[in-house]
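> below is the sequence, then the predicted model.
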Amino acid sequence: QVQLVESGGGLVQAGGSLRLSCTASGRTFTSYTMGWFRQAPGKEREFVAVTSISGGSTYYADSVKGRFTISRDNAKNTVHLQMDSLKPEDTALYYCAAAIWDSIAVTSRYQYNYWGQGTQVTVSS
């Protein structure tokens, strides 16, 4: 089992940037593909980005492609989400998640085994 703790959320104006971090503890971090999801009030939890175990492959939702960057530091058991050019529609609770699959084809929430508690991102217009 792995425990995930997110940090870095906050309030930012449209066009600004935030960097989210997720630190893992427990089982070997390099056993997991890592992803970020988000959930806005009244909406379903949606996929944002995923990085492979090595960090060499990534995949993004169309809505964030070109603006967000996912990365991982396996030496520090950490995965980051750099969010630039933020828009009000990016406002949501952002979750870090771990999947036992060694593949970036894991874009469904049901493919992930472990979740953090979430960190709130609010983008004002």
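Perfect, I can see it now.
> residue contacts, the residue most central in space within the chain?
For the chain, the residue sitting closest to the mean C-alpha position, by CA atoms, centre = their mean, is Trp36 at 2.2 Å. Listed by CB atoms under 8 Å, 6 or more residues apart in numbering, the contact set of Trp36 reads Leu20, Cys22, Val48, Ala49, Val50, Ile70, Val79, Leu81, Tyr94, Tyr95, Cys96, Ala97. In this view, the C-beta of every residue, glycine as well, is placed from N, C-alpha and C.
> can you do 6 Å?
Going by CB atoms under 6 Å, 6 or more residues apart in numbering, Trp36 touches Val48, Ala49, Leu81.
> any idea how many residues pack against the second one?
Put plainly, it is Ala49. Using other CB atoms under 10 Å, Ala49 is surrounded by 25 other residues.
> picking that back up, excluding chain neighbours, what is closest to the residue nearest to the centre of the chain?
Val48 (4.3 Å; CB to CB, 6 or more residues apart in numbering).
> mind listing what the helix or strand harbouring the one you found pairs with, with the direction of each?
Using DSSP states H and E, Val48 falls within strand 46-51. Sheet pairing of strand 46-51 (DSSP bridges) gives strand 33-39 (antiparallel), strand 58-60 (antiparallel).
> and that strand, what's buried?
Buried residues in strand 46-51, defined by neighbour count with 16 or more other CB atoms under 10 Å: Phe47, Val48, Ala49, Val50, Thr51.
> nearest spatial neighbour of the residue of the chain positioned farthest from its centre, chain-adjacent residues omitted?
Among the C-alpha atoms of the chain, the one most distant from their mean position (CA atoms, centre = their mean) is that of Ser125, at 22.7 Å. Of all residues not flanking Ser125 in the chain, Pro88 sits nearest, at 4.7 Å (CB to CB, 6+ apart).
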